[in-house]
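*Asks:* fold the stuff below for me.
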Amino acid sequence: MRFHSDRSVLFSRGEPDDPRLGDVVRMPSVEEFSKLRWDAAIIGFPDDRGVALNKGRAGAKNGPKAIRKWLYRLVPPTRNSAIADLGDMAMTDDLHHDHEQAVGAVMFGLSHAKRVLIFGGGHDWGFAPIKALMSGGRTGFVNLDAHLDVRASREEHSGTSYWRALESGIRGEDAVWIGVQRASLASAHEEYVYAKGGQIFFSETQLRAEIGGIMQAMGKVCHSVDLSLDMDVFCMGHAPGVSAPQPGGMSAADGLALIREALLHPFVRTFGIYELAPELDENEKTARLAARCAWEALR
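*Replies:* All right, here's what the predicted structure looks like:
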């Protein structure tokens, strides 16, 4: 696998008493990365072919750069953190091949870092961290999303990630969706998840009261957990730049509180942010919010 890095996103004010993440994040080569232990590694998947195949609005291929732009302007959340940005995985003309390569990329990150952050890209890239974690033992996932993404299809696209996960060995009791929009939910998809034993928490639920119990329960049985954030879980006033904007989604404050609580648990080994489409983003609201969510994972 190959990665492409863009050092121009490493923002700095040039003031020693006011450092930014751009001052402390390193962009090592693969060889340099493999020689050290890191608190966090960042990998981008700059691709939205799966969104187009799922009949969504394109633009998420530029999401990783937009997240980095605003993330590296924020202050370091902790002192002396070792954070590596491996860059964006190089893409080919074969989407299936690239998805397979993404699993290896995440596994490589996990082999040398406590946590791997994934910047999408379409949500079809959300299956890669789950498959990577499954190689280490029982794995669960928590997906913050307006949709279930359990479309049964041989063609891998942004609506198939969690169908693929459940059909690949993830137990239903280790599968949780948070913030699902009833107006966007096909009854057949809801029935499929419940038949598998999965849990669905709809956008109307008082989710901040639920997340602590959800995470504690998963930590008792799972070796590792993937936390996945589709930016369309937020209301379109806070996150307009997504493939499928939602008028009834979460507020930024509630979403950040949920993410912060979930990321307190060290068994959350991967955290992915997907479906940010900068070309559709009003005043870069969605990119700024995505960066703020990523900042929580570096605390």
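
*Asks:* ok but residue 114 is inside a strand, no?
*Replies:* Yes: the assignment for residue 114, made by DSSP: H, G, I helix; E, B strand; the rest coil, places it in a strand.

*Asks:* correct me if wrong: residue 66 contacts residue 276.
*Replies:* Yes: at 6.0 Å, residue 66 and residue 276 qualify as touching, with contact defined as C-beta atoms under 8 Å. No exception for glycine: its C-beta is placed from N, CA and C like everyone else's.

*Asks:* quick one: low-confidence parts of the stretch 151-299 of the chain?
*Replies:* Applying pLDDT under 70 to the stretch 151-299 of the chain picks out residues 206, 208-209.

*Asks:* quick one: the strands in it?
*Replies:* Under the criterion DSSP state E, counting those that start in this stretch, the stretch 151-299 of the chain contains strands at 175-180, 199-202, 224-230, 268-274.

*Asks:* nearest to residue 288, out of those?
*Replies:* The closest of the strands of the stretch 151-299 of the chain to residue 288 is strand 268-274. By C-beta to C-beta, the value is 12.4 Å.

*Asks:* what packs against that closest one?
*Replies:* On a contact count with 3 or more C-beta pairs under 8 Å, 6 or more residues apart in numbering; DSSP states H and E, strand 268-274 meets helix 63-71, helix 95-110, strand 113-120, helix 127-134, strand 224-230, helix 285-297.

*Asks:* counting by contacts, list what the last one packs against.
*Replies:* Using 3+ C-beta pairs under 8 Å, 6+ apart as the contact definition, the elements that helix 285-297 packs against are helix 63-71, strand 113-120, helix 252-263, strand 268-274.

*Asks:* ok, now the fourth one?
*Replies:* Helices and strands touching helix 127-134, by 3+ C-beta pairs under 8 Å, 6+ apart, are helix 95-110, strand 113-120, strand 139-144, helix 161-167, strand 224-230, strand 268-274.

*Asks:* which strands and helices sit next to the third one?
*Replies:* In other words, strand 139-144. Using 3+ C-beta pairs under 8 Å, 6+ apart, strand 139-144 sits against helix 127-134, helix 161-167, strand 175-180, helix 211-221, strand 224-230, helix 252-263.

*Asks:* thinking again about what came up before, quick check: neighbours shared by residue 66 and residue 276?
*Replies:* 287, 290 (C-beta atoms under 8 Å, 6 or more residues apart in numbering).

*Asks:* in which helix or strand would I find residue 87?
*Replies:* strand 83-89 (DSSP states H and E).

*Asks:* the inter-axis angle of that strand versus strand 113-120?
*Replies:* 40 degrees (axes from the mean of the first three to the mean of the last three C-alpha atoms, to 10 degrees).

*Asks:* dump the C-alpha coordinates for strand 83-89 into CSV.
*Replies:* Below are the C-alpha coordinates for strand 83-89, written out as CSV (Å, rounded to 0.1, in the frame of the first residue of the first chain):
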residue,chain,number,x,y,z
ILE,A,83,0.4,11.5,16.7
ALA,A,84,1.3,10.3,13.3
ASP,A,85,-0.5,11.3,10.1
LEU,A,86,0.3,8.6,7.5
GLY,A,87,-1.5,10.6,4.8
ASP,A,88,-4.1,9.4,2.3
MET,A,89,-4.1,5.9,0.9
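
*Asks:* I'd like the numbering to begin with 19 instead of 1 from here.
*Replies:* Sounds good: first residue 19 from here, last item strand 101-107.

*Asks:* contacts for that strand, please.
*Replies:* Against strand 101-107 from outside (C-beta under 8 Å, 6+ apart): 19-24, 39, 42-46, 48, 51, 54, 56-64, 82-83, 86, 116, 119-120, 123, 127, 131, 316.

*Asks:* if any of the residues you listed are buried, put those into a PyMOL selection.
*Replies:* Buried members of those, defined by 16 or more other C-beta atoms under 10 Å, are picked up in PyMOL with:
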select buried, resi 21+39+42+43+45+46+51+56+58+59+60+61+62+63+64+82+83+86+116+119+120+123+127+131+316
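
*Asks:* can you flag which of the contacts of strand 101-107 belong to strands?
*Replies:* Those of the contacts of strand 101-107 mapping onto strands are 21-22, 56-63, 131, per DSSP state E.

*Asks:* any chance of these in TSV, plus distance to residue 70?
*Replies:* What follows is those, written out as TSV (distance: C-beta to C-beta, whole Å):
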residue	distance to residue 70
21	24
22	22
56	34
57	35
58	31
59	28
60	25
61	22
62	19
63	15
131	31
